[in-house]
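S.K.: Only the shape, not the letters, is given here:
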């Protein structure tokens, strides 16, 4: 591995969680090896380590030295021929190779990771509801011709890409809420003749991002996944679903890190307008709602019939009543939204590059 490529997998212990997530986004391997000021290996941190920290604390400000693994596995240069066997034995997928000064000279990846059959079937029997009834006004004039779910990203409609991701985890039961140009959507899937089941939930009028869920007449006995029809989430869906079940939350919202740079110098002031400090182009980091949810089936009974009602309405009711809502954090680059033209182009570029 070249030194340039190697740098994508290495970070100093002073990095913040946000900075570490950005580097992990770039290297797309889910791991960062941590070095000290002398460039010696002192730890490792994975996207899973970061996610567990954020779920338990929500704190984005700490340095990665606080949560990293302080005893990472490694091999010396003389032993690098043992790397593959060593990784299989230790159940790891990335291994740094060190010189005599404990500095990273190379990183070897286990490319032939066995398929996890349990992961493949993690969503078997789980109902997936895709909210596909909106007009997609932000994508006009495309949506004057096509309903938003059928707009192609590359050469495949966005809704097919969404379904294929769930199918990778064994999901085969899909409910699609439809309204605007619904006959085009139904005709498309009729011609496609998919191997999975698609049931249509038809709105006579727009009912919001949750209102149409009440039109589903089947009684579910497992948590339901609800997703918007214009997003792609690059994450382990089996982990998301498992987290929801094990956490005891009534509702889990998949949330993505969002970094926004203020394009000006910011002034901080005290009394009488006295400037106390200045900061040039500060970056703000926060979590946003991606539009993917996991909710317990009894929550469907809370949704009023025939009224406009949004998932945020449901969430706010639960918060008011003190009922647990969970957040499953993913990185900024793991969330793509084609709701606007600029974001749609970004989605196409990421798919071409194989990043999502």
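M.R.: Okay, I see it. Owing to the predicted nature of the structure, the values given are computational and were not obtained by experimental measurement.

S.K.: Look up how far residue 123 lies from residue 130.
M.R.: 14 Å (Cβ to Cβ, to the nearest Å). C-beta: built from backbone N, CA, C; applies to glycine.

S.K.: what comes up buried for stretch 256-272?
M.R.: Buried positions in stretch 256-272, judged by neighbour count with 16 or more other Cβ atoms under 10 Å: 256-257.

S.K.: Could you tell me the end-to-end distance of that stretch?
M.R.: 39 Å (Cα to Cα, to the nearest Å).

S.K.: Other residues contacting it?
M.R.: 18, 21-22, 60, 275-288, 290, 329-332, 334-335 (Cβ atoms under 8 Å, 6 or more residues apart in numbering).

S.K.: ok, now with 6 Å
M.R.: 21, 275-286, 288, 290, 330-332, 335 (Cβ atoms under 6 Å, 6 or more residues apart in numbering).

S.K.: In strands, which of the residues you listed appear?
M.R.: 275-280, 283-286, 288, 290, 330, 335 (DSSP state E).

S.K.: List buried residues within the residues you listed.
M.R.: Buried among these (16+ other Cβ under 10 Å): 285, 290, 330, 335.

S.K.: Tell me the one of those residues nearest residue 79?
M.R.: residue 330 (35.6 Å; Cβ to Cβ).

S.K.: Could you list everything that closest one pairs with in the sheet?
M.R.: Per DSSP bridges, the residues bridged to residue 330 are residue 256.

S.K.: wouldn't it be in contact with residue 234 here?
M.R.: No: if you go by Cβ atoms under 6 Å, residue 330 and residue 234 don't touch, sitting 7.6 Å apart.

S.K.: Tell me the residues that contact both of those two, please.
M.R.: Common neighbours of residue 330 and residue 234 (Cβ under 6 Å, 6+ apart) do not exist.

S.K.: Need the buried ones among the ones in strands among the contacts of stretch 256-272 in TSV (columns: distance to residue 37 and pLDDT).
M.R.: Converted to TSV, those look like this (distance: Cβ to Cβ, whole Å; pLDDT from 0 to 100):
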residue	distance to residue 37	pLDDT
285	25	89
290	37	96
330	31	93
335	34	90
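
S.K.: ok, which pair from the residues you listed is furthest apart?
M.R.: It's 285 and 290 that sit farthest apart of those, by Cβ to Cβ, at 15.7 Å.

S.K.: Over to residue 160. Which of the three states is it?
M.R.: helix (DSSP: H, G, I helix; E, B strand; the rest coil).

S.K.: what's around the residue nearest to it when sequence neighbours are not counted, how many residues?
M.R.: Closest residue to residue 160 in three dimensions, ignoring its sequence neighbours and counting by Cβ to Cβ, 6 or more residues apart in numbering: residue 192, at 7.9 Å. By other Cβ atoms under 10 Å, 11 other residues sit near residue 192.

S.K.: what separates residue 192 from residue 180, distance-wise?
M.R.: From residue 192 over to residue 180 (counting by Cβ to Cβ), the distance is 20 Å.

S.K.: got it, and residue 316?
M.R.: On the measure of Cβ to Cβ, residue 316 and residue 180 end up 26 Å apart.

S.K.: more crowded one of the two?
M.R.: residue 180 (18 against 12).

S.K.: how about that one, what does it touch?
M.R.: Applying Cβ under 6 Å, 6+ apart, the residues near residue 180 are 135, 147.

S.K.: How about the host helix or strand of residue 239, which residues are buried there?
M.R.: Here residue 239 sits within helix 237-247, counting by DSSP states H and E. With burial defined by 16+ other Cβ under 10 Å, the residues of helix 237-247 counted as buried are 237-238, 240-241, 243-244.

S.K.: Just the residues contacting that helix, thanks.
M.R.: Contacts of helix 237-247 (Cβ under 6 Å, 6+ apart): 119, 122, 169, 223, 252, 294, 326, 328.

S.K.: what about the second one, which SS state?
M.R.: Look at residue 122: counting by three-state DSSP, its state is coil.

S.K.: wait, it sits on residue 171?
M.R.: No: Residue 122 is not in contact with residue 171 according to Cβ under 6 Å; the separation is 8.8 Å.

S.K.: Now distance to residue 85 too, for the ones in strands among the contacts of stretch 256-272, in JSON lines please.
M.R.: Shown next, in JSON lines, are the ones in strands among the contacts of stretch 256-272 (distance: Cβ to Cβ, whole Å):
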{"residue": "275", "distance to residue 85": "61"}
{"residue": "276", "distance to residue 85": "59"}
{"residue": "277", "distance to residue 85": "55"}
{"residue": "278", "distance to residue 85": "56"}
{"residue": "279", "distance to residue 85": "51"}
{"residue": "280", "distance to residue 85": "51"}
{"residue": "283", "distance to residue 85": "43"}
{"residue": "284", "distance to residue 85": "46"}
{"residue": "285", "distance to residue 85": "41"}
{"residue": "286", "distance to residue 85": "44"}
{"residue": "288", "distance to residue 85": "43"}
{"residue": "290", "distance to residue 85": "40"}
{"residue": "330", "distance to residue 85": "33"}
{"residue": "335", "distance to residue 85": "37"}
